[in-house]
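J.: prediction below, plus the sequence it came from.
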Amino acid sequence: MALFGPPDIKKLKEKKNVKGLIRALSYKDIYLQQQAARELGNIGDPQAVKALLAVLGHMQVGPDAALALGKIGDKQAVEPLMTSLEEWRKMLRKPEKPSKYSFGIDYERFIRLHVTSTATALGQIGDLRAVEPLIATLNNPDPKARKAVCSALAQLGDKRAVDALISVMQNWGSDSVSFAVDALIQLGDPKALPTFISLMDQPNTELRSKAIEALEKFGWQPEKDRSAAIYWINKNNFEKCLAIGAPALKPLMDALEYLEGDALTSAISALGGLGDERSIKPMIALMKHKDWSVRRAAVKALNQFGAPEEALKPLLLAIKDVQKEVRTAAAELLAKYDDPKAIKALDSYQEFASGYKTIGKMAKYILLKTSLGNPLYLEVKTEKLCVYCNYLMDPNLRDYDYPKGVGECSNYSSGKNVVSFDDSCELWQPNTKVRFWLSKGYMEHNLEGWPRNPWYQLFDDGPDGEKGTH
């Protein structure tokens with residue numbers, strides 16, 4: 001160390017100058033003290049233990065000193081570390097600003113750092129005397145401190161920690177519970193199995209995965225009960241749930257609250273397969289789901305129950321769904337009802353599906369506004385208007401400056417960019433797909449608020465539009 005000026009921690013580290021680093025612990029600069037403590041831990045020389053213990057109670061340097069003592073691993077530090085843990089633990093539960101080292105310091109943060117660092121050090125040293133103090137520290141409000149304590153208890157490997165870990169999990173949030181699960185897995189006590197089984201039923205995806213990981217590491221085998229159903233739900237194996245039968249009903253119904261995507265639709269199908277009428281109400285609720293595949297799955301599951309009376313009203317709405325697959329499923333189920341409302345709804349649906357009655361009226365009204373007539377009843381090749389031309393792009397019926405409709409001409413030779421539907425020119429080429437625009441394929445894309453994509457299907461479908469729209 002130089003006679004004057006701050007110690008050069010980097011050089012002291014490179015030379016492994018333990019005595020110089022110990023002297024640096026007394027330097028007036030807190031940051032240099034922290035650095036010195038860290039480097040003493042990295043070097044791991046036991047002669048630094050006494051000096052590190054001397055600063056263990058320092059608000060800002062103490063956490064680094066504790067971690068250094070843990071790395072050195074000398075058991076003479078165990079008793080002082082246990083005493084320190086107890087003192088800081090009490091302040092963590094009920095923070096009280098210490099009289100020393102309080103000016104300009106985030107004392108609550110450093111209290112948490114003390115608990116975390118001291119617990120980590122005790123776990124690294126591996127002395128079983130630390131088990132009880134660590135167990136007492138489990139009940140603290142800080143997630144990072146909880147993680148450090150759980151990790152330390154797992155390192156110590158003492159089964160006394162099992163009951164305590166199981167107990168505190170009841171009051172912890174899902175983020176902290178996962179720390180306890182990891183510790184229990186390492187401790188390997190079968191006493192934790194019921195806890196892992198109960199965790200499989202939690203809404204938190206990560207926690208459910210942790211529980212399953214734990215059960216599998218313990219060699220647990222599912223049978224044909226409620227626990228097995230929960231297990232198979234989390235493994236996305238819904239055929240196994242069906243094989244379990246009635247015990248799978250409640251777990252499947254509960255899973256509807258947190259499953260998503262394909263897993264949710266598979267769970268719905270499994271409930272339909274079980275055929276228990278208690279699942280009718282949840283199925284009806286899912287008919288309002290934002291995902292159309294879930295709505296369809298719910299309708300199909302209801303189909304397993306014949307013609308449930310309570311499903312009639314929502315089915316009358318489902319047959320008007322914006323998604324074709326949902327409407328088709330609703331129509332299949334409504335066909336089972338001997339009810340005037342169902343019959344009327346099916347009649348309307350058949351008209352819609354045919355594409356000529358109900359939809360035809362709508363389309364005819366739209367075309368009357370453009371004064372172009374109905375292309376379903378004319379040979380478009382004889383009407384050399386831009387609306388029937390193969391070069392027309394981006395057709396639009398909503399431009400107030402063009403009440404008959406407007407589009408863009410893709411043939412630059414015409415010298416025109418914007419053209420009215422009733423324009424024409426010598427470069428005109430027929431678009432034979434125009435006949436199909438009135439059919440089912442086009443209209444299905446406009447049910448959410450016509451015209452969402454006006455007229456695009458004229459140009460995007462297969463020959464004469466018979467391939468449908470995309």
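T.: Looks like it arrived, so ask away. Numbering: from 1, shown residues only.
J.: and Asn204, what does it touch?
T.: Applying CB atoms under 8 Å, 6 or more residues apart in numbering, one finds that Asn204 lies in contact with Ser174. All C-beta atoms are positioned from the backbone trio N, CA, C, and that covers glycine.
J.: what about the strands in the protein?
T.: Under the criterion DSSP state E, strands of the chain are mapped to 392-396, 406-409, 418-420.
J.: which residues of the chain score low on pLDDT?
T.: 1-4, 93-105, 350-383, 397-400, 431-470 (pLDDT under 70).
J.: okay, now the domains of it?
T.: Following automatic domain parsing, the chain resolves into domains at 1-158, 240-354, 358-465.
J.: let's have those in a markdown table, adding mean neighbour count.
T.: A markdown table is the format used below for the domains of the chain (neighbours: other CB atoms under 10 Å):
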| stretch | mean neighbour count |
| --- | --- |
| domain 1-158 | 19 |
| domain 240-354 | 18 |
| domain 358-465 | 16 |
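J.: packing partners of the top helix by length along the chain?
T.: For the chain, the helix with the greatest residue count under DSSP state H is helix 107-125. In terms of contacts (3 or more CB pairs under 8 Å, 6 or more residues apart in numbering; DSSP states H and E), helix 107-125 is packed against helix 62-72, helix 78-93, helix 131-137, helix 143-156.
J.: pretty sure Ser84 is touching Thr118, no?
T.: Yes. Between Ser84 and Thr118 there is a contact under CB atoms under 8 Å: 5.3 Å.
J.: who touches both of those two?
T.: Residues touching both Ser84 and Thr118 (CB under 8 Å, 6+ apart): Ala66.
J.: mind listing what the closest residue to Leu333 other than its chain neighbours touches?
T.: Nearest non-adjacent residue to Leu333, counting by CB to CB, 6 or more residues apart in numbering: Asn303, 4.9 Å away. Contacts of Asn303 were listed using CB under 8 Å, 6+ apart, and they are 272, 329, 332-333, 336.
J.: go on, Arg160?
T.: With CB under 8 Å, 6+ apart, Arg160 has these contacts: 131-132, 135.
J.: mind running it again at 7 Å?
T.: If you count contacts by CB atoms under 7 Å, 6 or more residues apart in numbering, Arg160 has them with 131, 135.
J.: now the phi/psi pair for it, please.
T.: Main-chain torsions, Arg160, degrees, to the nearest 10: phi -60, psi -20.
J.: of all the strands of the chain, which one is nearest Asp189?
T.: Minimum separation from Asp189 across the strands of the chain (CB to CB) falls at strand 392-396, 69.6 Å.
J.: and the closest one, how far out from the chain middle?
T.: On the basis of CA atoms, centre = their mean, to the nearest Å, strand 392-396 is displaced by 41 Å from the centre of the chain it belongs to.
J.: export that strand to CSV, keeping only CA atoms.
T.: Output of strand 392-396 as CSV, limited to C-alpha atoms (Å, rounded to 0.1, in the frame of the first residue of the first chain):
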residue,chain,number,x,y,z
LEU,A,392,-58.7,-2.4,-61.0
MET,A,393,-56.9,-2.4,-57.6
ASP,A,394,-58.0,-1.4,-54.1
PRO,A,395,-61.7,-1.0,-54.8
ASN,A,396,-63.5,1.3,-52.3
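J.: adjacent strands (with direction) for that strand?
T.: strand 406-409 (antiparallel) (DSSP bridges).
J.: pretty sure Ile43 sits against Asn17.
T.: No. Contact criterion CB atoms under 7 Å: Ile43 and Asn17 do not qualify, at 9.1 Å.
J.: look up how far Met59 lies from Ser198.
T.: 41 Å (CB to CB, to the nearest Å).
J.: actually Ala65, sorry about that
T.: 11 Å.
J.: tell me the one of the contacts of Asn303 nearest Lys191?
T.: Of the contacts of Asn303, the one sitting nearest to Lys191 (CB to CB) turns out to be Gly272, at 38.8 Å.
J.: select, out of the strands of the chain, the one closest to Arg208.
T.: Nearest to Arg208, of all the strands of the chain, is strand 392-396, at 49.3 Å by CB to CB.
J.: OK, contacts around Gly275?
T.: By CB under 7 Å, 6+ apart, the contact list for Gly275 reads Gln304.
J.: picking up where we left off before, would you mind putting the CA coordinates of the longest helix of the chain into CSV?
T.: Backbone C-alpha positions of helix 107-125 (Å, rounded to 0.1, in the frame of the first residue of the first chain) are rendered in CSV as follows:
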residue,chain,number,x,y,z
TYR,A,107,-30.9,1.5,5.5
GLU,A,108,-33.8,-0.9,4.7
ARG,A,109,-31.9,-2.1,1.6
PHE,A,110,-28.8,-2.8,3.5
ILE,A,111,-30.7,-4.6,6.2
ARG,A,112,-32.0,-7.0,3.5
LEU,A,113,-28.5,-7.3,2.1
HIS,A,114,-27.2,-8.3,5.6
VAL,A,115,-29.8,-11.0,6.0
THR,A,116,-29.2,-12.3,2.4
SER,A,117,-25.4,-12.3,2.6
THR,A,118,-25.3,-13.8,6.1
ALA,A,119,-27.6,-16.6,5.2
THR,A,120,-25.6,-17.3,2.1
ALA,A,121,-22.4,-17.4,4.1
LEU,A,122,-23.8,-19.9,6.6
GLY,A,123,-25.0,-22.2,3.8
GLN,A,124,-21.5,-22.1,2.2
ILE,A,125,-19.7,-22.9,5.5
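J.: starting at the chain centroid, how far to that helix?
T.: Centre to centre, stretch against its chain (CA atoms, centre = their mean), the figure for helix 107-125 is 32 Å.
J.: what residues does it touch?
T.: Residues outside helix 107-125 that contact it (CB under 7 Å, 6+ apart): 59-60, 62-63, 66-67, 69-71, 73, 75, 77-78, 81, 84-85, 88-89, 91-92, 95, 97-98, 130, 134, 137, 140, 142, 144-145, 148-149, 151-152, 155-156.
J.: Tyr258 contacts Pro203, correct?
T.: Yes. Tyr258 is within contact range of Pro203, at 4.4 Å (criterion: CB under 7 Å).
J.: so who does Asp182 touch?
T.: 150, 154.
J.: residue contacts, the nearest residue to Arg278 once chain neighbours are set aside?
T.: In space, and not counting its chain neighbours, Arg278 is closest to Leu249: 6.7 Å by CB to CB, 6+ apart. By CB under 7 Å, 6+ apart, the contact list for Leu249 reads 274, 276, 278-279.
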